[in-house]
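>>> Below are the sequence and a predicted model for it; my questions follow.
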Amino acid sequence: MVQDGSTTTEYDIPYIPNNPSPLLRFDLYAPDACPRDSPLLVFVHGGAWRAEDKADNDFRTLASRLASASNCPVLVPNYRLTTEHNQFRHPGHAADILAFLVFLTTWPGVPNVFDPAGRPMYLMGHSAGAHILTSIFLDSAHVFPSLTPPSPVLQAVRAIVLSEGIYDIDLLLARFPEYRGWFIAAAFGDRESYADVSTTSLSLREGSDLRWLVIHSAGDTLVDMPQSDTMDAHLRGLYGPAADTRVARNFDQLDVDHDDVLRSPLFVDVVRAFVDGLQ
């Protein structure tokens with residue numbers, strides 16, 4: 001446990017009992033004076049399904065900034081990755097994150113530091129992390145039944161922030177064909193079409209009651225704006241007349257590259273304003 005005077009940090013908490021893998025653990029950033037009913041903020045990192053770790057300095061800095069700015073506990077999980085030495089593929093990454101969220105619904109917390117009971121969850125996904133969250137919280141059950149959230153998770157998760165996300169993989173490859181060999185084929189298999197793993201064709205899950213914020217930086221050169229434009233349009237189509245109360249977008253404030261978004265104080269401000277508006 002680490003204390004910096006305003007936030008208590010607990011590292012490497014396992015979310016799969018009796019599993020020693022560091023990729024099945026999470027970190028907790030708990031503001032010392034956060035209200036008892038403040039939501040949990042959960043950040044799911046990207047990394048093309050093949051890289052990155054919750055211990056990376058960018059993620060730790062972002063989590064600390066979010067905790068201080070929002071006065072909400074922030075949790076950052078790892079999940080298993082696709083590497084050149086394994087055959088770990090989608091939906092395995094998303095299944096790990098779903099297992100983490102299920103764990104949170106019964107986790108007693110850290111004594112004298114943090115009690116999660118009854119807190120709503122607001123989720124954030126960056127890049128591949130956005131695909132992971134939309135694979136779970138839009139209805140992919142007809143393709144991947146293992147990604148079906150149980151009722152306690154659907155009731156706890158109230159909002160999702162998507163940033164620099166990958167959603168329509170065929171569209172991504174049409175614009176960046178080199179991504180097939182770099183990471184798409186490894187994470188999803190090498191095939192002609194990825195329509196069944198693209199989340200811009202999925203419907204709303206029955207029993208969910210979500211608010212969405214879709215963020216994209218105008219300066220992102222790794223994942224371009226059509227990804228977020230397509231997801232924003234898809235979500236608005238799903239909600240119909242209620243779209244303006246369910247789906248927000250922010251495509252014009254940030255102007256930095258893909259990973260630099262997470263280093264930007266403006267990104268924290270955008271997320272904090274969204275969170276404040278939900279409470």
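Right, received. Where do you want to start?
>>> can you give me the offset of the helix or strand harbouring A94 from its chain's centre?
Using DSSP states H and E, A94 sits in helix 92-104. Distance of helix 92-104 from its chain centroid, counting by CA atoms, centre = their mean, to the nearest Å, is 11 Å.
>>> Could you list every helix and strand that the following helix or strand past it packs against?
Later in the chain than helix 92-104, the nearest helix or strand by DSSP H and E is strand 121-126. Applying 3 or more CB pairs under 8 Å, 6 or more residues apart in numbering; DSSP states H and E, we find strand 121-126 packed against strand 40-44, helix 92-104, helix 128-137, strand 157-163, helix 265-278. In short, each C-beta sits where N, CA and C put it, glycine included.
>>> so of these, which one's packed in deepest?
Highest mean neighbour count among the helices and strands packed on strand 121-126 (mean count of other CB atoms under 10 Å): helix 128-137, with a mean of 27.
>>> so for the helix or strand that comes right after it, what's the average pLDDT?
Going down the chain from helix 128-137, the next helix or strand is strand 138-139, by DSSP H and E. Strand 138-139 carries an average pLDDT of 98.
>>> by contact count, what packs against strand 138-139?
If you count contacts as 3+ CB pairs under 8 Å, 6+ apart, strand 138-139 packs onto strand 203-204.
>>> The strand it packs on packs against which elements?
So strand 203-204, by 3+ CB pairs under 8 Å, 6+ apart, packs with strand 138-139, helix 225-239.
>>> Show me the contact partners of it.
Under the criterion CB atoms under 8 Å, 6 or more residues apart in numbering, residues L138, D139, L238, Y239 lie in contact with strand 203-204.
>>> can I assume the second one is in contact with G207?
Read it as D139. No: using CB atoms under 8 Å as the test, D139 is too far from G207 to be in contact (10.1 Å).
>>> Those two: which is more packed in?
Taking neighbours as other CB atoms under 10 Å, D139 and G207 compare with D139 leading, 17 against 11.
>>> so what's that one bridging to?
S203 (DSSP bridges).
>>> who's in contact with it?
D139 makes contacts with L202, S203, L204, R205, E206, as judged by CB under 8 Å, 6+ apart.
>>> I'd like the distance from H126 to R205, if you could.
Going from H126 to R205 by CB to CB, to the nearest Å gives 22 Å.
>>> Neighbour count: those two, which is higher?
Remark: of H126 and R205, H126 carries more neighbours, 28 against 18, as counted by other CB under 10 Å.
>>> which residues touch that one?
F43, V44, H45, G46, S163, E164, G165, V261, L262.
>>> Now do the closest residue to M225 other than its chain neighbours against A159, distance only.
Nearest non-adjacent residue to M225, counting by CB to CB, 6 or more residues apart in numbering: H216, 5.5 Å away. Applying CB to CB, the value for H216 to A159 is 18 Å.
>>> returning to what we had before: may I have the helix holding A94 exported as PDB, CA atoms only?
What follows is helix 92-104 as a C-alpha-only set of coordinates in PDB (Å, rounded to 0.1, in the frame of the first residue of the first chain):
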ATOM      1  CA  GLY A  92     -10.400 -14.000 -24.200                       C
ATOM      2  CA  HIS A  93      -9.200 -10.400 -23.500                       C
ATOM      3  CA  ALA A  94     -12.800  -9.200 -23.000                       C
ATOM      4  CA  ALA A  95     -13.700 -12.300 -21.000                       C
ATOM      5  CA  ASP A  96     -10.900 -11.400 -18.500                       C
ATOM      6  CA  ILE A  97     -12.300  -7.900 -18.100                       C
ATOM      7  CA  LEU A  98     -15.800  -9.300 -17.600                       C
ATOM      8  CA  ALA A  99     -14.400 -11.600 -15.000                       C
ATOM      9  CA  PHE A 100     -12.900  -8.600 -13.300                       C
ATOM     10  CA  LEU A 101     -16.200  -6.700 -13.300                       C
ATOM     11  CA  VAL A 102     -18.000  -9.700 -11.900                       C
ATOM     12  CA  PHE A 103     -15.400  -9.900  -9.100                       C
ATOM     13  CA  LEU A 104     -16.000  -6.300  -8.200                       C
END
